[in-house]
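Visitor: Here is the input, now give the coordinates:
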Amino acid sequence: MNPASSDSAAPARIVILGFGPVAARLVDELLDEVTEGRIRLTIIGAESEPAYQRIRIGDVSVGRLQPEDLAVSDVDQLRDSGVTVHTSARATRIDRAAQLVLLEGGDAVPYDRLVLATGAEPMMPTLEVESRRAGTIDAELRTTQLPEGIMALREMGDALRLAAVVRRAEPVVVLGGGVLGVEAALAIAEVGSPVTLVHRGNVPMGRQIDTDAGMLLRRELISAGVKVRAAADITTVVSESGRLAAVRTSLGEKIPASLLVLCTGVRARDGLAADAGLSTRWGVMTDAQCRSLTDTRIFAIGDCATVDGREPSGLIAPGWQHAETAAESLCEDLGLSRGIERDASGTPVSMQTGAGLDVILVKSKTLNVACAGTTDVDPWDPDSPSVSTWSDPKGGQYLRIVSEQDRLLGFVSVGMPRSAAELAMHAGRGTMPVADRTALLAAEHATREAQLGPHDVLCRCAGTTLSQVEEAAACAASVSEVGDACRAGTGCGTCHNRIEKLLQSAEAQRETPRQRQPEVQPLTR
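Guide: Numbering: from 1, shown residues only. Predicted structure coming up:
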């Protein structure tokens with residue numbers, strides 16, 4: 001395609017609507033073109049904070065991390081590089097005919113290319129409100145307005161509100177038994193605050209794992225201090241003088257609560273796109289290059305995009321892949337040639353993770369759960385794939401592997417970190433584990449971890465390989481410095497332990513030559 005501007009000397013105007021981690025990745029990909037004056041880049045973010053590791057705000061909500069620990073973008077540095085950054089700015093309309101993004105307050109931002117990175121928004125259930133005053137039902141007050149103390153754990157402000165309640169050790173109720181709900185409940189219990197998990201399914205994470213694994217997960221949650229109410233819903237919230245005091249469940253139980261955390265799913269934030277006439281279905285519909293099917297001047301990436309027919313996954317790695325793809329497509333559209341990033345050996349660097357399974361890792365200090373693909377398969381059905389299962393409920397361990405011929409279709413691992421690492425590695429490679437599944441069990445308590453090859457992915461979020469992390473660790477002193485160099489560890493954080501071991505190994509190698517230098521002996525006659 002031809003460049004957007006007829007004046008070859010005028011830099012093309014690219015506007016990114018949204019300033020989350022996926023948008024930040026796109027900015028990184030385009031920063032060289034900005035500093036060289038070949039494009040003018042504008043970011044419009046609705047939150048007051050610049051991009052941060054949204055996937056780890058649970059650690060902020062329980063006080064393990066501070067908001068600044070999750071930052072992935074420095075606004076001052078971006079502005080010094082020539083990027084225009086707007087925070088606390090809300091877009092109200094996209095005028096495709098005039099190629100403008102209209103903001104609250106009347107400002108309009110022109111674009112030659114527009115990238116939608118607006119993410120997802122929480123789905124809010126319908127709740128009845130029982131209004132009370134001084135401990136009795138207030139018959140005069142009938143309202144559908146929800147009381148203060150109900151939120152979805154989606155943004156930094158939500159995490160800070162939850163942190164304040166946790167510090168006071170007030171009771172929290174989490175609604176939703178998916179990955180986010182389980183992670184939130186575990187994190188709250190791990191710091192000693194009272195928490196109840198209410199979910200509609202028979203077992204938690206019922207959409208991701210099979211029933212037996214879910215039963216063990218439920219027991220492990222209870223052992224960790226989480227009260228679990230399965231096959232239940234919240235029907236009513238009890239408001240005491242305008243603040244949440246309790247919830248009532250479909251089981252007829254009244255549970256005290258100072259805070260209700262809603263983890264009931266998200267949907268693509270594509271309202272502006274739909275209002276502008278773009279095709280949407282579970283997100284803005286794009287081709288494989290992240291280009292809108294309706295308007296080739298508009299792109300969509302991350303959780304707001306249905307790329308090449310694939311619904312948003314909610315995982316960070318696909319979003320970062322979208323950012324890399326969109327950067328290449330934008331530069332191609334605008335007639336810009338991009339430099340090729342190479343490692344120390346001269347090999348082109350790619351952060352793509354390949355066509356393997358998307359692996360879900362539950363982020364918890366006390367419980368190891370990993371899963372991918374399809375696991376809820378009847379092993380006794382003669383037409384079903386091959387299913388290998390090992391279970392030790394009293395030991396808190398469970399493993400299921402589903403395969404077909406030479407393909408790994410899915411796995412779930414509870415309480416077996418060594419096997420989880422091995423299977424996650426194969427899921428990323430698109431390969432099969434050993435034919436003898438008992439070898440995984442034998443290795444579970446071995447001291448060595450899953451043996452990654454140089455080209456195997458170590459950080460699944462960034463798609464960074466072992467060799468790339470080793471190269472970065474050789475010149476780094478911390479996990480954050482490794483992340484700055486190759487992006488490893490800037491996603492969910494589950495690879496931090498391995499990165500720390502590589503840092504220790506690199507430090508030991510730097511120290512070894514000095515230790516081996518022979519001492520100079522004094523001359524004697």
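Visitor: shaky segments in the stretch 101-250 of the chain?
Guide: 134-144 (pLDDT under 70).
Visitor: mind redoing it with 50?
Guide: 139-141 (pLDDT under 50).
Visitor: Just confirm residue 260 contacts residue 247, I think it does.
Guide: Yes. The criterion here is Cβ atoms under 8 Å, and residue 260 meets it with residue 247 at 6.0 Å. Using the backbone N, CA and C atoms, a C-beta is placed for each residue, glycine as well.
Visitor: any chance you could map the helices in the stretch 251-400 of the chain?
Guide: 271-275, 316-333 (DSSP state H, counting those that start in this stretch).
Visitor: Pick the most deeply packed of those.
Guide: helix 316-333 (a mean of 23; mean count of other Cβ atoms under 10 Å).
Visitor: Summarise which helices and strands that helix is packed against.
Guide: Packing partners of helix 316-333 (3 or more Cβ pairs under 8 Å, 6 or more residues apart in numbering; DSSP states H and E): helix 21-35, strand 113-116, strand 298-300, strand 305-307.
Visitor: For residue 90, list the residues it contacts.
Guide: 46, 103-104 (Cβ atoms under 8 Å, 6 or more residues apart in numbering).
Visitor: Top of these by number of neighbours, please.
Guide: residue 46 (19 neighbours; other Cβ atoms under 10 Å).
Visitor: What values do phi and psi take at the spatially closest residue to that one that is not a sequence neighbour?
Guide: Spatially, and ignoring its direct neighbours in sequence, residue 46 is nearest to residue 90 (5.1 Å; Cβ to Cβ, 6 or more residues apart in numbering). The phi/psi pair for residue 90 (degrees, to the nearest 10) reads phi -110, psi 130.
Visitor: distance of residue 90 from residue 19?
Guide: Distance from residue 90 to residue 19, counting by Cβ to Cβ, to the nearest Å: 12 Å.
Visitor: for the chain, which spans come out with low pLDDT?
Guide: 1-7, 139-141, 342, 344, 348, 351-354, 447, 516, 523-525.
Visitor: before we move on, the earlier item: I'd like the helices and strands packed on helix 316-333 as CSV, with mean neighbour count and distance to residue 468 appended.
Guide: Listed next are these as CSV, based on neighbours: other Cβ atoms under 10 Å; distance: least, Cβ to Cβ, whole Å:
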stretch, mean neighbour count, distance to residue 468
helix 21-35, 23, 15
strand 113-116, 28, 26
strand 298-300, 29, 27
strand 305-307, 26, 25
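Visitor: Kindly reformat these as a markdown table and extend each row with distance to residue 402.
Guide: Converted to a markdown table, the helices and strands packed on helix 316-333 look like this (distance: least, Cβ to Cβ, whole Å):
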| stretch | distance to residue 402 |
| --- | --- |
| helix 21-35 | 30 |
| strand 113-116 | 36 |
| strand 298-300 | 32 |
| strand 305-307 | 26 |
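Visitor: so which of these gets nearest residue 211?
Guide: strand 305-307 (30.2 Å; Cβ to Cβ).
Visitor: name the helices or strands packed onto that closest one?
Guide: Packed next to strand 305-307, using 3+ Cβ pairs under 8 Å, 6+ apart, are strand 284-286, helix 316-333.
Visitor: Show me what it is in contact with.
Guide: For strand 305-307, the external contacting residues (Cβ under 8 Å, 6+ apart) are 116, 268, 280-288, 290, 300-301, 312, 318, 322.
Visitor: try stretch 469-484
Guide: Against stretch 469-484 from outside (Cβ under 8 Å, 6+ apart): 343-344, 454, 458-459, 485-486, 488-490, 496, 498-500, 502-503, 505-506, 509.
Visitor: how far out from the middle of the chain is it?
Guide: On the basis of Cα atoms, centre = their mean, to the nearest Å, stretch 469-484 is displaced by 21 Å from the centre of the chain it belongs to.
Visitor: Same question for stretch 495-512.
Guide: With Cα atoms, centre = their mean, you get 26 Å for stretch 495-512.
Visitor: Give me the buried stretch members for that stretch, please.
Guide: 495, 498-499, 502-503, 506 (16 or more other Cβ atoms under 10 Å).
Visitor: Make TSV from these and add distance to residue 480 and secondary structure to it.
Guide: Below are these laid out as TSV (distance: Cβ to Cβ, whole Å; DSSP: H, G, I helix; E, B strand; the rest coil):
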residue	distance to residue 480	secondary structure
495	13	coil
498	15	helix
499	10	helix
502	14	helix
503	11	helix
506	15	helix
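Visitor: Which residue ranges make up each domain of this protein?
Guide: 12-121+267-333, 128-264, 362-444, 452-515 (automatic domain parsing).
Visitor: what ranges do the helices span in the stretch 51-200 of the chain?
Guide: Using DSSP H, counting those that start in this stretch, helices in the stretch 51-200 of the chain cover 57-61, 75-80, 156-167, 179-190.
Visitor: Pick the most deeply packed of these.
Guide: The stretch of the helices of the stretch 51-200 of the chain with the highest mean neighbour count (mean count of other Cβ under 10 Å) is helix 179-190, at a mean of 25.
Visitor: Could you list the residues in contact with that helix?
Guide: 58-59, 61-62, 64, 153, 162, 166, 172, 174-175, 195-197, 199, 204-205, 208, 217, 221, 224-226, 261, 263, 360, 362-367, 369.
Visitor: quick one: it to helix 156-167, angle?
Guide: Angle of helix 179-190 versus helix 156-167, following axes from the mean of the first three to the mean of the last three Cα atoms, to 10 degrees, is 30 degrees.
Visitor: hang on, residue 202 in a helix?
Guide: No. Residue 202: not assigned to a helix; according to DSSP: H, G, I helix; E, B strand; the rest coil it is coil.
Visitor: ok, it to residue 362 distance?
Guide: From residue 202 to residue 362 the distance is 19 Å (Cβ to Cβ).
Visitor: got it, and residue 38?
Guide: Taken as Cβ to Cβ, the span from residue 38 to residue 362 is 43 Å.
Visitor: who has more neighbours, those two?
Guide: residue 362 (21 against 17).
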